[in-house]
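Enquirer: coords please:
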Amino acid sequence: MDRYDLYELCVTDAPRLARFAHAAHGGDPRILREDFCGSGALARSWPRAARRARALAVDLDPEALRRAAAPGVRTILADVRRCSLKADIIAATNFPLGYFHQRDELLAYLRHARTCLRPGGILLADLYGGRDALTPMRLRRRLQTPSGTRVDYVWHQAQADPLTNLVTDTLSFTVRTRTGRVTRHPDAFVYRWRLWSIPELRDAAHDAGFREVDVYTRMGDAVDSRGNLYVRPHEPGEPIDENYVVYVVARGPRAGRASKRNT
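Expert: Below is the predicted model:
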């Protein structure tokens, strides 16, 4: 397993996220554009999550884009701020909005993304925050694959500056096979992020022209007899975890006809 395999094993749940994106849209989305796509796990999962669906995977890293190539997925080597391909859903997940350290940079991306949405479209992004968000720390997790390979995963927040909300995070992996072979991937991924708060991102999305911004603390709990996932935005005054990951859905231009939202 290379570092992208390990990332997808330990960090992402792309099929679940694809179902959530479909439900959060609330209509009949066909095209999902995954910005900052990395290996394109979400883009590859999208064609299986929606009828007649196809995906666009956008990134500046040609190595990662080679992993994103799959049936129903078009890969685009480009800066996401220069890609004008239209989509029903633009997904910027796994915290990439943190690459924008200044508010004007964030606003420029949000405005551009809004212009790329088809009527009724949404921008889906995620944030982490809470009590320990600016605390240097290590989080460790151990997984075992069906073949018996053991994977130790370490997320290390090496630096955190509360004056700027800038953090440095790294992901490292250690792989041990059943035969005893050990492979280490220290600092397989390194990120220098600005941690945007929920109010900061909501205000920026409104200033960028999005008509409505919802926050979701969960990716859905209920499924109906047809397999449709039901999701509900977080309401003001409801409790939120002390340390949280939330999904922010910014809604763009209205569709020509009203679409049903899952609530």
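Enquirer: Could you check how far residue 206 is from residue 118?
Expert: Residue 206 sits 20 Å away from residue 118 when distances are taken as CB to CB, to the nearest Å. The way it works is simple: take the backbone N, C-alpha and C, and place the C-beta from them, glycine included.
Enquirer: tell me which element the residue at the greatest distance from the centre of the chain falls in.
Expert: For the chain, the largest distance from the centre (CA atoms, centre = their mean) belongs to residue 179, which lies 35.1 Å off. Taking DSSP states H and E as the definition, residue 179 sits outside all helices and strands.
Enquirer: Phi first, then psi, for the spatially closest residue to residue 149 that is not a sequence neighbour.
Expert: Of all residues not flanking residue 149 in the chain, residue 177 sits nearest, at 5.1 Å (CB to CB, 6 or more residues apart in numbering). As for residue 177, its main-chain torsions (degrees, to the nearest 10) stand at phi -80, psi 170.
Enquirer: Give me the distance between residue 177 and residue 155.
Expert: On the measure of CB to CB, residue 177 and residue 155 end up 23 Å apart.
Enquirer: Read off the pLDDT value for the residue nearest to residue 149.
Expert: Note for residue 177: predicted pLDDT of 93.
Enquirer: same check, this time on residue 64
Expert: As predicted, residue 64 sits at a pLDDT of 89.
Enquirer: which residues touch it?
Expert: Residues counted as contacts of residue 64 (CB atoms under 8 Å, 6 or more residues apart in numbering) are 4, 37, 38, 39, 40.
Enquirer: Pick the one among those closest to residue 80.
Expert: Distance from residue 80 was checked for each of those by CB to CB. The minimum falls on residue 37, at 8.9 Å.
Enquirer: ok, that closest one to residue 12 distance?
Expert: Distance check for residue 37 against residue 12: by CB to CB, it reads 11 Å.
Enquirer: higher neighbour count, these two?
Expert: Comparing residue 37 with residue 12 by neighbour count (other CB atoms under 10 Å), the higher total belongs to residue 37, at 31 against 17.
Enquirer: show me the contacts for the closest residue to that one other than its chain neighbours.
Expert: For residue 37, ignoring the flanking residues on the chain, the nearest one in space by CB to CB, 6+ apart is residue 57 at 4.1 Å. With contact taken as CB under 8 Å, 6+ apart, residue 57 is in contact with 33, 34, 37, 40, 43, 65, 68, 73, 74, 75, 76.
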